[in-house]
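In: What follows is a predicted protein model with its sequence.
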Amino acid sequence: MPIHSVTQSRIAAGYKRLCKRWVSPSAAGGATAERDARMAGAFLGMPLMLAVALITSHSIAGELDAMLSLVAGVLALPMIFCGALSVSKNSASVGMSALMAYSLSVATIGVTTPSANLLLWIMAAAIPLESWFVCRNDRSIGLPAGIAAGVLATFFVVAMRAGESVTLSPLVLLASLGYLATLIVRTASTLAAHSAAARRDDRVADLENAIDGVVFSLGTDGLILALSPNAQDQFGIARNLLIGTPLLDRVHVSDRVAFLSFLSDMKSGASSATAEIKLRCVAPGATSKHAHSVRFATYRLRAVPHSQDAGFVVVATDISQAVADRNALIIARREVETAEIAKGRFLASVSHELRTPLNSIIGFSDVLLQEICGKLPDGRQREYVELVNQSGNHLLSVVNAILDVSKIEAGTYPIFTESFAFKNAVTMVHDMMAHQASQKSVTLCDRVSPRIGNVVADSRAVNQVLINLVSNAIKFTESGGVVTIDALIEDNMLAFSVSDTGIGIAEADLKTLGQPFRQVQNDYTRNHEGTGLGLATVKGLVGLHDGEMRIKSTPGQGTVVDVRIPLDGPAIEHFSDEANIVEFKIESDIQGGSHEEARKSA
């Protein structure tokens with residue numbers, strides 16, 4: 001780049017900074033600030049134009065009064081009007097005062113000029129243009145045009161009375177051509193700016209028709225250069241009041257850091273950026289005393305760089321309803337989780353409270369059946385005591401299952417891993433359930449691979465899994481059927497399954513299995529007792545071992561439940577607090593006693 005071009009750019013940038021220093025702080029950052037900066041530039045250039053007009057109109061050599069007037073005009077006018085501009089809240093009145101002073105000065109110089117000056121006629125005719133350069137709207141031309149007409153009429157009357165022609169000396173001609181050139185250049189730049197703004201508005205309008213949202217054209221400094229027509233409907237403020245203002249002014253204070261980060265990402269050259277920001281909107285007030293109210297709505301901002309201009313195209317979509325729905329969903333989910341926790345605690349508390357009377361019922365009914373305190377004189381009494389004992393044991397098993405499920409769901413079920421022989425666990429379960437299978441004429445067999453030795457797991461939990469699966473299989477297998485326990489090693493995992501030739505399960509019902517208190521409902525299952533907690537307990541215990549459970553079934557042919565757990569135990573062991581450990585030991589003793597009774601009866 002040539003050196004003189006760089007120098008010109010630096011001079012122009014320095015002049016713009018100088019003009020912006022005279023802008024009132026109350027207008028900083030808005031559309032008015034840019035206008036006031038241009039107005040300050042006009043104030044600083046006004047004495048120069050008047051000085052040229054004096055030089056070309058008078059011979060100031062030896063004229064002390066003219067020299068003093070020139071110095072006073074050059075030094076006083078910009079200081080007066082720029083100082084007023086920096087402190088005034090109404091910059092339009094300051095600009096109008098400066099325009100009147102400029103017009104009066106041009107008229108005074110023209111009236112006192114010995115001969116008509118072409119430069120003064122051009123300066124008078126260009127008064128509306130000077131106003132338009134500053135304000136850049138059609139409304140700024142009307143009053144200045146009337147003032148210009150008055151000044152030109154004054155020049156014409158004075159020239160007619162004096163009978164003088166227009167002066168065309170080389171100095172006047174050169175100054176006139178120079179001023180005309182500046183008018184042409186400034187007019188072209190202003191029209192180009194208007195054309196660029198119109199193109200931005202057209203692009204924004206076209207984009208708005210294709211999407212749902214407000215479209216902004218932002219400068220690199222975050223100023224709103226253009227925005228789509230429906231912005232007034234969204235924000236409740238006229239577009240012309242938003243254009244030229246920083247979008248940051250409309251961002252909620254809590255989201256300003258996120259918005260600045262959003263702008264920073266775009267400035268760094270990112271192809272696109274997205275952020276969820278709360279923007280200030282104006283809504284109609286509820287009463288006449290409060291005509292308007294301010295609210296903040298959440299918008300999703302998506303930005304891409306301009307393909308040609310400097311800046312970004314930002315699409316703001318109102319997602320307030322989606323955010324409200326999302327928050328409502330989070331609250332509802334928390335309420336459900338709280339309800340689930342409360343339900344688990346309730347079930348655990350009830351289960352504990354039921355155990356004490358149940359143990360008494362079971363214990364005293366055992367004493368009566370064993371006739372320790374004397375023989376029962378009537379056979380019906382023994383039958384009734386046996387029913388009480390069976391009902392108590394059944395209810396105790398249900399209470400234990402409820403407690404297990406509630407602790408698994410609450411994450412407080414204790415897992416104590418140890419190395420034990422899996423074959424021994426299968427043998428124990430086989431011996432325990434053999435009597436139940438023989439009563440229904442169901443064949444119970446097991447096929448355990450000789451490769452399986454010791455596994456690292458909670459032996460009680462594994463026994464519980466096998467007992468529940470085998471008990472379910474026998475329950476839903478008709479006379480003459482077969483229940484099989486298979487086990488082998490696959491990929492350092494213990495894979496065992498319990499299969500039966502029973503009634504099977506429909507594919508639609510498989511999705512609900514494993515959920516607490518869910519049972520498959522059909523004519524066959526209604527004839528069997530159950531709470532739907534067996535598979536839920538199995539699923540929870542397998543999950544605590546970092547394993548998985550899968551169920552495959554065909555109606556009328558049977559069901560296969562596959563379980564896979566790591567041979568080396570779970571990655572994280574689940575321990576409860578001391579109270580739960582004590583409770584676990586008590587449960588083990590109770591269930592161990594029931595297992596011993598089952599072995600005796602078998």
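Out: Cool, got the structure.
In: if you count residues, which helix in this structure comes out on top?
Out: For the chain, the helix with the greatest residue count under DSSP state H is helix 320-369.
In: so what does it touch, helix or strand wise?
Out: strand 292-305, helix 379-410 (3 or more Cβ pairs under 8 Å, 6 or more residues apart in numbering; DSSP states H and E). Bear in mind the C-beta positions are built from the backbone N, C-alpha and C, glycine included.
In: and the longest one, average pLDDT?
Out: Per-region confidence: helix 379-410 scores 79 on mean pLDDT.
In: and that helix, how far from the chain's centre?
Out: Relative to its chain's centre, helix 379-410 lies at 52 Å (Cα atoms, centre = their mean, to the nearest Å).
In: And for stretch 312-324?
Out: On Cα atoms, centre = their mean, the centre of stretch 312-324 falls 10 Å from the chain's centre.
In: try stretch 404-416
Out: Put simply, stretch 404-416 sits 35 Å off its chain's centre (Cα atoms, centre = their mean).
In: What's the end-to-end length of it?
Out: Separation of the first and last residues of stretch 404-416 by Cα to Cα, to the nearest Å is 15 Å.
In: for that stretch, which positions count as buried?
Out: By neighbour count on 16 or more other Cβ atoms under 10 Å, the buried set for stretch 404-416 is Asp404, Val405, Ser406, Lys407, Ile408, Glu409, Ala410, Thr412, Tyr413, Pro414, Ile415.
In: Would you reformat those residues as CSV and include distance to Leu50?
Out: Compiled in CSV, these are given as follows (distance: Cβ to Cβ, whole Å):
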residue, distance to Leu50
Asp404, 99
Val405, 95
Ser406, 94
Lys407, 94
Ile408, 93
Glu409, 89
Ala410, 89
Thr412, 91
Tyr413, 94
Pro414, 96
Ile415, 95
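In: For the residue nearest in space to the middle of the chain, give its distance to Leu223.
Out: By Cα atoms, centre = their mean, the mean C-alpha position of the chain lies nearest to Glu276, the distance being 5.4 Å. Distance of Glu276 to Leu223, given as Cβ to Cβ, to the nearest Å: 22 Å.
In: Kindly state the beta-bridge partners for the residue nearest to the centre of the chain.
Out: As for beta bridges, Glu276 partners with Arg300 under DSSP bridges.
In: wait, which of the helices and strands packed on helix 320-369 is closest to Thr356?
Out: Evaluated with Cβ to Cβ, the helices and strands packed on helix 320-369 place helix 379-410 nearest to Thr356, the distance being 10.8 Å.
In: Which strands or helices does that closest one pack on?
Out: Helix 379-410 sits against helix 320-369, helix 534-544, helix 578-601, with contacts defined as 3+ Cβ pairs under 8 Å, 6+ apart.
In: what's the angle from the first one to helix 379-410?
Out: Interaxial angle of helix 320-369 relative to helix 379-410 (axes from the mean of the first three to the mean of the last three Cα atoms, to 10 degrees): 150 degrees.
In: pLDDT on helix 320-369, on average?
Out: pLDDT averaged over helix 320-369 gives 83.
In: quick one: that helix to strand 292-305, angle?
Out: Per the same axes, to 10 degrees, the angle that helix 320-369 makes with strand 292-305 is 100 degrees.
In: Next, format the helices and strands packed on helix 320-369 as TSV and append distance to Val455.
Out: What follows is the helices and strands packed on helix 320-369, written out as TSV (distance: least, Cβ to Cβ, whole Å):
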stretch	distance to Val455
strand 292-305	53
helix 379-410	21
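In: closest to Ser261 out of these?
Out: Judged by Cβ to Cβ, the one of the helices and strands packed on helix 320-369 that comes nearest to Ser261 is strand 292-305, at 11.5 Å.
In: And that closest one, what does it pack against?
Out: Partner elements for strand 292-305 (3+ Cβ pairs under 8 Å, 6+ apart): helix 256-267, strand 273-284, strand 312-318, helix 320-369.
In: Report the buried residues of it.
Out: Neighbour-count burial for strand 292-305 flags Phe296, Ala297, Thr298, Tyr299, Arg300, Leu301, Arg302, Ala303, Pro305 (criterion: 16+ other Cβ under 10 Å).
In: Which of the residues you listed sits closest to His194?
Out: Using Cβ to Cβ, Pro305 is the member of the buried residues of strand 292-305 that lies nearest His194, at 23.3 Å.
In: how about the strands in the chain?
Out: 116-117, 166-167, 214-218, 224-227, 273-284, 292-305, 312-318, 418-421, 443-448, 454-457, 482-490, 493-500, 548-554, 558-566 (DSSP state E).
In: Output the ones you listed in TSV; the columns should cover distance to Met49.
Out: Formatted as TSV, the strands of the chain follow (distance: least, Cβ to Cβ, whole Å):
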stretch	distance to Met49
strand 116-117	13
strand 166-167	17
strand 214-218	35
strand 224-227	31
strand 273-284	43
strand 292-305	41
strand 312-318	39
strand 418-421	100
strand 443-448	108
strand 454-457	97
strand 482-490	96
strand 493-500	93
strand 548-554	88
strand 558-566	91
